[in-house]
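K.L.:
This is the structure alone, sequence omitted:
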């Protein structure tokens, strides 16, 4: 498990670490998470990486845009951590 506190670091760390799944906040301090998502999706080496967005301030149109940017799922804050973990396991087929 790796963590990043901003979008730039998240993008760089994802390319270096190549995680199976990314839990990505939409509202990052430096950029919106959809830009990080697009960057991940543009890298063929990360094609199998699953992306789950989390946010408490997103409307339905923005959720649609996140899914169009390449997100695999969206979870609204506040969320139940057990359900999130279950969803992550489903996405990873574990």
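P.N.:
Received it, and whenever you're ready, just let me know what you need. Owing to the predicted nature of the structure, the values given are computational and were not obtained by experimental measurement.
K.L.:
I'd like to know which elements whichever strand or helix holds residue 85 is packed against.
P.N.:
According to DSSP states H and E, residue 85 maps onto helix 81-92. Where contact means 3 or more Cβ pairs under 8 Å, 6 or more residues apart in numbering; DSSP states H and E, helix 81-92 is packed against strand 21-25, strand 50-55, strand 73-76. All C-beta atoms are positioned from the backbone trio N, CA, C, and that covers glycine.
K.L.:
is it possible to export the ones you listed to TSV including distance to residue 85?
P.N.:
What follows is those, written out as TSV (distance: least, Cβ to Cβ, whole Å):
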stretch	distance to residue 85
strand 21-25	10
strand 50-55	11
strand 73-76	11
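K.L.:
could those strands be laid out in TSV, adding mean pLDDT?
P.N.:
Converted to TSV, the helices and strands packed on helix 81-92 look like this (pLDDT from 0 to 100):
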stretch	mean pLDDT
strand 21-25	94
strand 50-55	94
strand 73-76	93
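K.L.:
Can you lay out those strands as CSV showing distance to residue 40 and mean neighbour count?
P.N.:
What follows is those, written out as CSV (distance: least, Cβ to Cβ, whole Å; neighbours: other Cβ atoms under 10 Å):
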stretch, distance to residue 40, mean neighbour count
strand 21-25, 7, 19
strand 50-55, 6, 20
strand 73-76, 14, 16
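K.L.:
Show me the one of those that comes nearest residue 83.
P.N.:
Closest to residue 83 of the helices and strands packed on helix 81-92 is strand 73-76 (Cβ to Cβ; 8.2 Å).
K.L.:
Thank you kindly, that will do.
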